[in-house]
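Q: coords please:
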Amino acid sequence: MTESSLRIVIFGAGSIGCYLGGRLLSAGADVVMIGRPRLQETLRQVPLVVTDYQGFSARSQLTEHQYRCEADAAKGADLVLVTVKSAATAEAGKQLAPWIPAGTPVVSLQNGISNAEHLQAAMPEANVLAGMVPFNVLQQEPGHFHQGTEGHLVANLRL
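A: Numbering: from 1, shown residues only. A predicted model of the protein is given here:
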């Protein structure tokens with residue numbers, strides 16, 4: 001695939017977020033992951049590795065700007081994927097709201113049934129969509145995230 005000019009931000013880059021980020025990076029996407037300092041430090045020392053149960057494998061050595069810990073790294077995003085735990089949804093929306101331009105698509109890829117509504121309430125100018133990650137991701141070793149079951153991402157693309 002060719003390099004993308006679409007800037008994708010993943011907010012909540014833990015196991016699911018890093019897996020999605022690694023898959024997108026392997027396809028040439030411009031991705032910024034926002035997560036915890038502990039994982040940021042790990043990914044400074046080891047490459048991001050993503051694998052799946054069908055044999056897919058990709059390795060990316062992240063640059064300093066590709067994994068951040070501050071919500072302001074979302075500034076200028078063309079698409080935001082939110083992968084935080086449900087209990088952190090309202091706070092995620094509050095942190096992202098100042099940095100997300102009106103109309104920006106924000107996809108809630110979280111467990112739970114009302115996360116998209118909580119994000120929309122916190123970011124009224126964003127175009128929040130509900131999604132689902134119907135597969136599990138396990139961190140097998142530091143920086144290595146593995147999709148262990150089948151399934152495809154789903155998003156409710158209401159217009």
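
Q: for the rest of this, base every contact and every neighbour count on C-alpha atoms.
A: Noted.

Q: residue 103 against residue 125, yeah?
A: Yes - using C-alpha atoms under 8 Å, residue 103 is in contact with residue 125, at 6.0 Å.

Q: distance between the lengthiest helix in the chain and the chain's centre?
A: If each helix of the chain is counted by residues according to DSSP state H, the longest one is helix 15-26. Put simply, helix 15-26 sits 7 Å off its chain's centre (C-alpha atoms, centre = their mean, to the nearest Å).

Q: is it true that residue 18 touches residue 145?
A: Yes - the pair residue 18 / residue 145 is scored as a contact, 7.2 Å apart, by C-alpha under 8 Å.

Q: my read is that residue 44 contacts residue 66, right?
A: No - if you go by C-alpha under 8 Å, residue 44 and residue 66 don't touch, sitting 10.3 Å apart.

Q: before we move on, the earlier item: residue 18 and residue 145: which has the busier surroundings?
A: Using other C-alpha atoms under 10 Å, the more surrounded residue of residue 18 and residue 145 is residue 18, with 28 against 25.

Q: sorry, back to before: give the next helix or strand downstream of the longest helix of the chain.
A: strand 30-34 (DSSP states H and E).

Q: that next one: partners in the sheet, and parallel or antiparallel?
A: strand 7-11 (parallel), strand 67-68 (parallel) (DSSP bridges).

Q: need the winner for burial among these.
A: strand 7-11 (a mean of 25; mean count of other C-alpha atoms under 10 Å).

Q: quick check: mean pLDDT across that strand?
A: When pLDDT is averaged along strand 7-11, the result is 97.

Q: can you pull the contacts of the closest residue to residue 97 other than its chain neighbours?
A: Distances taken as C-alpha to C-alpha, 6 or more residues apart in numbering place residue 123 nearest to residue 97, at 5.1 Å, with adjacent residues excluded. By C-alpha atoms under 8 Å, 6 or more residues apart in numbering, the residues touching residue 123 are 93-94, 96-97.

Q: tell me where the chain has helices.
A: Along the chain, the stretches classed as helices by DSSP H are 15-26, 37-45, 89-96, 115-122.

Q: could I get those helices as a markdown table with distance to residue 137 and mean pLDDT?
A: Converted to a markdown table, these look like this (distance: least, C-alpha to C-alpha, whole Å; pLDDT from 0 to 100):
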| stretch | distance to residue 137 | mean pLDDT |
| --- | --- | --- |
| helix 15-26 | 6 | 97 |
| helix 37-45 | 15 | 97 |
| helix 89-96 | 20 | 97 |
| helix 115-122 | 20 | 96 |
